[in-house]
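J.: Sharing a model prediction with you, sequence too.
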Amino acid sequence: MNAIYALYSDPGSAQNAFDALRRAGAALGVDAGKIVVVTSEPFEGYEFAAEHAKTHMFPLAALGGLMGGSFGYWLTSFTQTSYPLTTGGMPIITSWTNGIIIYELTMLGAILTTLITLLISAGLPNFKPALSDPEIWTGKILVGVTDPPPAARTELEAKLRQAGALAVKEFPPPSAAA
């Protein structure tokens, strides 16, 4: 992966760069999915952060809990009916004792689904090199384009500078690319 990116000191100028790249994207042959914004903290209220604001974690966790509880009910009922014991006229499937296993499997399903959803939404594990810069961790905001068309590089650099970039860089750096 190669990229061209710029660093910004405030979210307003990063939003201006994000908007400029989206407006010029079709003319320059840049897909909107290739515009990347990397920050060290969330910035609510800015359009560049809205892509990562929505999550499906709660409905998926509820579904995982429902599936875990259903599996717990099936497991306890199946186990009790598979081994017919003499109960002296009492029901072989007992709700109170089964409730413990059903509850635990409900929680296990919700927790595992939440963990898997978190890993998938965070893109972990990720073995590809990530677009990053050490200055992000000092409060700067990175806005860039991954795999830009070679003919559009100078125009992209100009758009990034017009938005108030502190620095425009390439990834990997020119010395590391050789």
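T.: Perfect, I can see it now. Please read these numbers as outputs of a predicted model, since none were measured by experiment. Residues are numbered from 1 along each chain as shown.
J.: what about the protein, any weak spots by pLDDT?
T.: Scanning the chain with the threshold set as pLDDT under 70 gives 52, 176-178.
J.: Next one: the most centrally placed residue in it relative to Leu60, how far apart?
T.: To find the centre residue of the chain, average its C-alpha atoms and take the closest one (CA atoms, centre = their mean): that gives Ser121, at 3.1 Å. Computed with CB to CB, to the nearest Å, the distance linking Ser121 and Leu60 is 10 Å. C-betas here are computed from N, CA, C, even on glycine.
J.: for Thr86, same thing?
T.: Thr86 is 43 Å from Leu60, where distance means CB to CB.
J.: Those two - which one has more neighbours?
T.: Between Thr86 and Leu60, counted using other CB atoms under 10 Å, Leu60 has the larger neighbour count: 17 against 7.
J.: Please enumerate the strands of this protein.
T.: Chain-ordered strands for the chain, with DSSP state E as the definition, fall at 3-8, 35-38, 141-146, 167-171.
J.: Quick check: which of those strands is nearest to Leu105?
T.: Closest to Leu105 of the strands of the chain is strand 35-38 (CB to CB; 39.1 Å).
J.: which outside residues touch that closest one?
T.: For strand 35-38, the surrounding residues in contact (CB atoms under 8 Å, 6 or more residues apart in numbering) are 3, 5, 14, 18, 21-22, 25, 48-49, 131-133, 136, 141-146.
J.: likewise stretch 66-77?
T.: Stretch 66-77 is touched from outside by 93, 97-98, 101-110, 112-113, with contacts defined as CB under 8 Å, 6+ apart.
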